[in-house]
Structures are given as C-alpha cells and as structure tokens.
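Chemist: Sequence plus the predicted model coming up.
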Amino acid sequence: MNRKAEILYRLGEYFGGGMFERENDSVVERYALGIRRYFEHAEPPPESGPLYPAPEHKIWQLNGTFIRWHYAFSLDVDAGGLRSAGQSALTDPFELDMLECIIRELQFFRTSLIAPSHGIGGRGWTHTVLNYPRMLAEGLAGYIARVEEMPAGSLKRALQDTLAGITAFLDRAPGSIREEVMRPAGDFHHAMRSFNFFFALDSYDSAGRFDEYMGRYYQGEPDAFELVHELFRSMELHCGWHLLYTGLYPEFTVLCLKAQKGLFRPNSGLLIRQDTPQEIWDAVLELWSSGVPNPALYYGKAYLESLAYYGADWQEAAPELLAFGGCTETMLAGCSNIGSTEGGINLLELLARNGEGDYRESIRREVETLASEFRMESEFAAKFRPHLIRTLFVDDCIDRNLEFHAGGARYNGSVCNVAGLTNAVNSLAAMQGIPEKFGNGDDRVDVIARDLAEYTFDLIRQQKGRLGGVMFPAVILLNHFVAVGSWVDATPDGRAAGEPVADSIGPVAGTDRNGPTAMLRSVAGLPLRMAAGTPVLNLRLRKDHIQNSPAQVKALIEGFFALGGMQLQVTVADQELLRKAYEHPEAYPGVFVRIGGFSARFRDLGREQQRDILRRTEYGNA
C-alpha cells in the first residue's frame with residue numbers, strides 16, 4: 001500500500017487515505033476512492049427516528065476528523081489538527097515529512113483563485129440542487145445502471161467507486177433504508193425516507209422545489225407532519241440551506257410551513273403568483289408572527305422575465321425548474337452548476353478609492369477582473385476538486401460523460417455579488433448636495449440609484465462566468481456586510497470609517513424614515529429584473545401589525561411586487577425583544593432574524609451584526 005495512505009489510515013483518516021492509496025491515478029479517481037474508503041469504514045448509525053439518518057447523525061462525520069468531504073469544495077482540510085495528530089501518533093521523522101507533503105497537496109487542492117478582496121460571499125462557493133425528482137423516480141439502482149452504460153474511462157471508474165462506497169454503507173445500515181434508497185419511491189413515506197438519505201449525501205445543501213415533487217406523493221398521511229418536521233430538524237442541526245415552496249399542492253405546502261414553527265432552518269422561500277391561495281398566505285403570516293423569519297418571498301413572474309435575458313434555453317426551462325440554492329441564489333433545479341455566491345465587488349470601496357471621476361471605469365475593470373477569476377476558479381475546480389456526488393445526481397453529467405465542474409451540468413454560470421450599492425448611492429447624492437438617503441422616496445436619490453444599479457448590473461450580465469456560462473448580478477450580503485465595510489474609509493454619506501455597508505439592496509439600516517411604502521417604492525424603482533441572481537431586501541415588521549392587519553401586510557407585499565419587486569424577506573422580532581436578546585443572548589435562543597439572504601439565531605451573530613439589525617427601521621402599528 002502507498003506509504004502516505006498507510007499513514008492516513010493509521011490516523012483514522014479514511015477519506016484522505018483513499019485519496020492517496022492510488023496516488024498516480026487521475027484526480028477524479030483519487031477523490032472517488034476516498035469516498036469509497038470513507039463509506040466502507042463508516043459505522044452506520046442506529047435507526048433512532050422516522051428518517052435515516054436521524055437528525056443527530058451526520059453522514060459525512062462518521063469517521064475521520066481532519067480530512068473530510070465538503071459539499072461545496074469537495075474537500076475540507078484542518079491542516080493544524082492533522083499535523084498535531086501526526087506529531088502525537090508518528091515517531092518516524094520520514095513519516096512526519098511525508099505527512100507535511102500530504103498537507104501541502106491537500107491545501108493546494110483546496111486553493112481558491114478568487115482574490116480575497118473579491119470574497120464577498122465565498123471565494124468559489126457553489127450551492128447546488130440535485131435532481132431529486134429523478135432520484136426518487138429511479139432510485140439509486142437506476143443510477144447504477146446508467147453509470148454501467150457509460151463509456152469506459154476514468155470518470156466511469158470514479159462513479160463506480162463512489163456508488164460502491166454508498167452501497168457498501170447501505171448494505172450495513174439498519175432497517176429498510178437500503179431497499180428504499182435503491183428502488184423508485186412508491187409512496188410518501190418511502191419518498192421522504194429516500195429523499196432524506198439522498199439529501200444527507202449532499203450535506204443538506206439545497207432541496208429545490210420540495211413541496212412540488214414531494215407533494216406528488218402526499219396523500220394526507222397522518223405521520224406526514226412528523227416526517228417533514230424531522231427533516232427540517234436535520235436541516236437546522238446540520239446548517240442545511242435553501243428549500244423552495246411553489247404552492248402547487250397547497251395542502252402540503254401549508255403542512256410544511258406549519259412544520260417550520262420554532263425552527264430557523266430550512267432557509268425557505270415561497271414563489272408568489274397572482275393566484276397564490278389565501279390559505280398559503282395565512283400560513284406564511286402565521287409563521288412570521290410566531291417569530292420565524294421564513295419563508296422569504298420571491299415573485300415568480302419577475303424571475304422568469306429576468307432569466308429570459310439569458311436566451312431561449314433559460315426562458316423555456318425556468319417555469320419548471322427555477323429554484324434557489326444556499327442563501328437565495330438563483331439556479332435551475334437538478335441540472336445547473338451556478339457558482340453561488342463565489343465572489344463580488346464593493347461599489348462603496350471603489351468610489352472611496354477612485355473618486356467620482358474614474359468611478360464607472362473602475363467598476364468596469366473590477367467586474368472584468370472578477371469574471372476572469374470566476375473562469376479560472378472553475379477550471380481549477382475541474383482539475384483538482386471534482387465533485388462526484390453532484391456528477392452522479394445533476395443532469396447531464398452522466399449523459400455527457402463529463403464531471404460536474406468540467407461542464408457536465410446542462411446550465412453553468414456564476415452569481416456576482418454587489419456590495420455597498422446603497423452606500424455608494426447615498427455618497428453620490430451627498431456629493432451633489434442632496435442630503436436625503438435612499439429608501440425615502442426622494443426622486444433625486446432614486447434616479448442616482450437606478451442609474452448606478454443599471455450600469456453595474458448590465459456590466460455583470462455581459463460577462464462570462466464559470467465554464468463560460470452566464471453571470472447573474474445579485475445583492476446577497478450574507479453576513480459579510482460588516483466585514484465589507486470594515487476596510488472602507490469614511491465616505492461622503494456620513495458613514496464613519498469601518499462601519500458596515502447596507503445589508504441588502506434596501507436602505508442603510510435606520511435611514512428610511514418615510515414609511516414602508518416610500519421605502520418599497522424606492523427599491524422597486526431599481527432595475528431589479530437585471531439582477532437575476534436575487535436582489536435581497538430586508539424588511540422588519542412588528543408582530544402586532546401582522547396579527548392585527550394581515551390584509552394590509554399582504555397588500556403591501558403584493559404592491560411591492562406589482563411595482564417591480566423581486567424578493568422580500570421579513571424579520572418579526574420586536575425592538576424590546578431584540579434588545580433583551582442582545583444584552584442576555586444565553587436567555588433568548590429562540591429569537592430568529594433574517595440577515596443577508598438567510599435566517600439565523602440572533603445570538604449566533606457577531607455583535608456588530610446584531611447592532612445593525614437593531615438599527616433597522618421597524619414598521620407596524622404602535
């Protein structure tokens with residue numbers, strides 16, 4: 001056996017050991033053997049609930065501590081921990097030197113070619129929605145058969161090794177999970193158990209149009225709520241990401257919304273249509289008033305119009321496949337590889353650094369540079385970070401005989417984050433002698449905002465992203481709005497050096513003073529349909545306003561979408577409650593908020609992030 005693999009196996013690192021067992025094989029085969037060895041040595045956890053694995057068990061953390069598979073980057077390495085473990089267990093100086101060689105190679109595989117200054121989102125991060133409807137319809141056996149039909153070569157061998165590892169694990173798993181995963185789903189209970197296992201394989205990343213494909217199986221089963229709630233607990237415990245409701249099966253959609261009560265994950269969204277049933281609206285408002293800031297709302301018509309810009313293929317596919325990954329990044333479910341959000345630009349920093357005279361040219365240079373980094377990053381990932389789980393379960397990788405990062409997905413592209421837009425608008429207005437801030441319905445400021453957003457979004461849309469695919473502009477600040485502002489000097493809008501930038505495409509926290517209608521009109525006046533990657537908008541509402549005036553809240557939201565809005569996410573946590581949670585975080589674990597494009601426990605956020613949320617304008621009845 002390869003000496004490096006032997007060292008790693010002695011350290012209990014089976015994924016890493018598999019990667020070095022046949023060190024001269026192709027990189028894709030090395031990753032596959034790592035997955036196979038990991039699952040061959042993983043002890044299946046006991047069956048302790050209605051779904052397998054239960055929320056308390058994470059399928060990718062059953063062995064190994066320092067070298068692990070990662071759902072976005074294919075590989076995660078704790079170099080310091082691995083080095084320390086080696087120093088404790090290895091006595092041969094030669095083996096310690098070999099361990100250093102292993103660490104250097106793994107760190108190289110995990111390298112990002114996106115500049116740190118452009119890491120506004122994740123420096124190459126990639127969320128994805130697997131083709132769950134097809135996986136449920138064909139079962140794992142269907143994929144095994146499809147791989148067998150592939151032409152001979154390294155990718156076929158890699159997928160066979162990956163499948164061999166998964167099936168070896170299933171062979172030893174308790175209960176009926178092996179049979180359920182292997183064959184097509186026959187009923188709701190079967191579909192939920194199979195889906196949960198497949199979802200765990202992708203680390204509960206993003207589920208796509210969940211209520212749509214699962215709603216086809218739902219027949220009013222009495223244990224449906226329990227199963228869905230158990231799935232959502234898994235997503236919360238394991239930092240699962242996005243799940244979309246389309247409302248196609250209203251009874252099941254309402255059940256899912258009720259199952260989210262008391263949980264801050266999944267980071268769910270609801271596609272709003274003109275005919276969204278009232279019972280779904282009622283369930284959303286009830287969930288919000290309970291303090292759960294889910295789901296975010298997406299205006300379906302606006303997204304379809306936005307994606308039509310990218311050609312007939314996107315336009316035709318979007319009505320059936322539009323979904324969101326991670327925080328809220330746009331993609332097509334089951335057949336796309338969209339870097340999300342793999343990087344971004346800071347419009348406020350560019351203004352502070354270059355001044356008004358060279359501003360637009362500096363934006364153009366920055367966008368072109370970032371696009372080239374996206375393309376280089378995707379080429380690097382194809383060579384050194386192959387993703388076997390997504391190659392198996394994203395169309396058309398098997399049919400094209402191409403790995404996920406090498407062009408196997410049917411649709412490819414990048415999401416480019418835009419930070420500091422609102423702050424730059426306020427600064428440009430101040431430089432023109434306009435004291436008002438964006439979000440107050442001032443036409444002078446709104447024109448500046450519309451002009452800057454249109455110029456920036458258009459530049460981004462003209463670029464080619466990962467694998468030469470599309471580039472989606474987006475304003476999804478995640479929790480980066482604090483860090484993004486920390487390296488920007490004082491700006492003409494009155495912002496002090498190092499202060500955060502706006503946390504969404506809306507106003508800087510606390511600067512909107514003319515009511516929600518004025519704020520929403522200002523935002524809706526932006527060219528939002530140019531930002532196909534999602535222009536996130538945060539809105540704080542009082543609980544009593546939602547409870548006492550639900551029709552008014554619904555009308556406000558529908559009016560925003562009718563004026564041009566695309567996305568809206570609501571936090572319902574009264575100011576006094578947030579102050580108490582800020583002062584005594586340990587006493588308020590159940591206070592949830594929306595930040596950037598995702599939902600989180602308030603106590604888990606940084607102090608500056610918490611202060612920024614406290615500064616947000618809270619709308620509603622006194």
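Modeler: Looks like it arrived, so ask away.
Chemist: Relative to its centre, which residue of this structure is most distant?
Modeler: The C-alpha centroid of the chain is most remote from Asp92, which lies 43.6 Å away (C-alpha atoms, centre = their mean).
Chemist: Next, that residue: phi, psi?
Modeler: Backbone torsions for Asp92, taken as degrees, to the nearest 10, come to phi -80, psi 120.
Chemist: tell me which element the residue nearest to Phe592 when sequence neighbours are not counted falls in.
Modeler: For Phe592, ignoring the flanking residues on the chain, the nearest one in space by C-beta to C-beta, 6 or more residues apart in numbering is Phe264 at 4.2 Å. C-beta: built from backbone N, CA, C; applies to glycine. Assigned by DSSP states H and E, Phe264 falls within no helix or strand.
Chemist: now Phe264: how far from Val591?
Modeler: Counting by C-beta to C-beta, to the nearest Å, the gap from Phe264 to Val591 is 9 Å.
Chemist: shared neighbours of those two, which are they?
Modeler: The overlap between the contact sets of Phe264 and Val591 (C-beta atoms under 8 Å, 6 or more residues apart in numbering) consists of Arg601.
Chemist: Looking at the two, which has the bigger crowd around it?
Modeler: Neighbour tally, Phe264 and Val591, criterion other C-beta atoms under 10 Å: the higher count belongs to Phe264, 24 against 20.
Chemist: burial of Ala430, as a residue count?
Modeler: Residues near Ala430, counting by other C-beta under 10 Å: 18.
Chemist: again with the one 5 residues further on
Modeler: For Pro435, the count of nearby residues is 11 (other C-beta under 10 Å).
Chemist: Could you give the separation of stretch 205-222 from the chain centroid?
Modeler: Computed by C-alpha atoms, centre = their mean, to the nearest Å, the separation of stretch 205-222 from the middle of its chain amounts to 20 Å.
Chemist: Please point out which parts of it sit buried.
Modeler: For stretch 205-222, burial by neighbour count (16 or more other C-beta atoms under 10 Å) applies to 205-218.
Chemist: cool, and stretch 453-462?
Modeler: Of all the residues in stretch 453-462, those buried under the rule 16+ other C-beta under 10 Å are Ala453, Thr456, Phe457, Leu459, Ile460, Arg461.
Chemist: where's it relative to the chain centroid, distance-wise?
Modeler: Remark: stretch 453-462 is offset 23 Å from the chain centroid, using C-alpha atoms, centre = their mean.
Chemist: what packs against the strand or helix carrying Cys256?
Modeler: Following DSSP H and E, one finds Cys256 within helix 250-259. Taking 3 or more C-beta pairs under 8 Å, 6 or more residues apart in numbering; DSSP states H and E as contact, the helices and strands that helix 250-259 lies on are helix 210-215, helix 224-237, strand 242-245, helix 278-289.
Chemist: helices and strands around the third one, which ones?
Modeler: Read that as strand 242-245. Packing partners of strand 242-245 (3+ C-beta pairs under 8 Å, 6+ apart): helix 210-215, helix 250-259, strand 267-272, strand 322-325.
Chemist: CSV please, covering these and showing distance to Ala200 and mean pLDDT.
Modeler: Shown next, in CSV, are the helices and strands packed on strand 242-245 (distance: least, C-beta to C-beta, whole Å; pLDDT from 0 to 100):
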stretch, distance to Ala200, mean pLDDT
helix 210-215, 15, 98
helix 250-259, 18, 98
strand 267-272, 17, 97
strand 322-325, 17, 97
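Chemist: right, and these - which one's nearest Glu377?
Modeler: Closest of the helices and strands packed on strand 242-245 to Glu377 is strand 322-325, at 17.1 Å (criterion: C-beta to C-beta).
Chemist: So what are the sheet partners of that closest one and their directions?
Modeler: Using DSSP bridges, the strands paired with strand 322-325 in its sheet are strand 329-332 (antiparallel).
Chemist: after the strand ranked longest in the chain comes which helix or strand?
Modeler: When the chain is parsed with DSSP state E, its longest strand is strand 336-346. Secondary structure here is assigned by DSSP H and E; on that basis, the next helix or strand after strand 336-346 toward the C-terminus is helix 347-354.
Chemist: Please put the alpha-carbon coordinates of that following helix into PDB.
Modeler: Listed next in PDB are the C-alpha coordinates belonging to helix 347-354 (Å, rounded to 0.1, in the frame of the first residue of the first chain):
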ATOM      1  CA  LEU A 347     -19.200  49.600  -5.000                       C
ATOM      2  CA  LEU A 348     -18.500  51.800  -2.000                       C
ATOM      3  CA  GLU A 349     -14.900  50.800  -1.800                       C
ATOM      4  CA  LEU A 350     -14.400  51.600  -5.500                       C
ATOM      5  CA  LEU A 351     -15.900  55.000  -5.000                       C
ATOM      6  CA  ALA A 352     -13.800  55.800  -1.900                       C
ATOM      7  CA  ARG A 353     -10.700  54.600  -3.700                       C
ATOM      8  CA  ASN A 354     -11.200  56.200  -7.200                       C
END
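Chemist: what residues are up against Lys383?
Modeler: If a contact means C-beta under 8 Å, 6+ apart, then Lys383 has Val27 as its contacts.
Chemist: on that earlier part again, tell me the pLDDT at the residue farthest from the centre of the chain?
Modeler: Listed pLDDT for Asp92 reads 96.
Chemist: Break the protein into its domains for me.
Modeler: Structural domains annotated on the chain: 3-117, 202-619, as defined by automatic domain parsing.
Chemist: Quick check: phi and psi on Phe592?
Modeler: Dihedral angles for Phe592 - degrees, to the nearest 10 - are phi -110, psi 150.
Chemist: That one contacts Asp604, correct?
Modeler: No - distance between Phe592 and Asp604: 10.0 Å, which falls outside the contact criterion (C-beta atoms under 8 Å).
Chemist: More neighbours: which of these two?
Modeler: Legend: neighbour count by other C-beta under 10 Å for Phe592 and Asp604, higher for Phe592 (23 against 15).
Chemist: what pLDDT does that one get?
Modeler: Phe592 carries a pLDDT value of 96.
Chemist: Could you pull up the residues touching it?
Modeler: Residues near Phe592 by C-beta under 8 Å, 6+ apart: Phe264, Gly291, Val292, Pro293, Thr571, Ala573, Ser599, Ala600, Arg601, Phe602.
Chemist: What distance do you get for Pro116 to Val484?
Modeler: Relative to Val484, Pro116 is positioned 12 Å away (criterion: C-beta to C-beta).
Chemist: re earlier: greatest separation within the buried residues of stretch 453-462: which pair is it?
Modeler: Pairwise distances across those peak at 12.0 Å for Ala453 and Arg461 (criterion: C-beta to C-beta).
Chemist: Helices of the stretch 501-622 of the chain, start to end?
Modeler: With DSSP state H, counting those that start in this stretch as the definition, the stretch 501-622 of the chain shows helices at residue ranges 516-524, 543-548, 550-563, 575-583, 607-615.
Chemist: CSV please, covering these and showing distance to Arg3.
Modeler: Rendered in CSV, the data for the helices of the stretch 501-622 of the chain read as follows (distance: least, C-beta to C-beta, whole Å):
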stretch, distance to Arg3
helix 516-524, 60
helix 543-548, 63
helix 550-563, 62
helix 575-583, 53
helix 607-615, 47
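Chemist: Please identify the deepest-packed of those helices.
Modeler: helix 516-524 (a mean of 21; mean count of other C-beta atoms under 10 Å).
Chemist: Surely Thr511 and Gly439 touch.
Modeler: Yes - with contacts counted by C-beta under 8 Å, Thr511 reaches Gly439, the gap being 6.3 Å.
Chemist: So which of those two has more stuff around it?
Modeler: Gly439 (29 against 22).
Chemist: Now do the phi/psi pair for the residue lying closest to the more buried one once chain neighbours are set aside.
Modeler: The shortest distance from Gly439 to any residue that is not its chain neighbour, by C-beta to C-beta, 6+ apart, is 2.8 Å, and that residue is Pro507. Pro507 adopts backbone torsions of phi -70, psi 160, taken as degrees, to the nearest 10.
Chemist: Can you give me the neighbour number for Pro507?
Modeler: Counted by other C-beta under 10 Å, the residues lying close to Pro507 total 26.
Chemist: Identify the bridge partners of Asn337.
Modeler: For Asn337, the beta-bridge partners are Asn412 (DSSP bridges).
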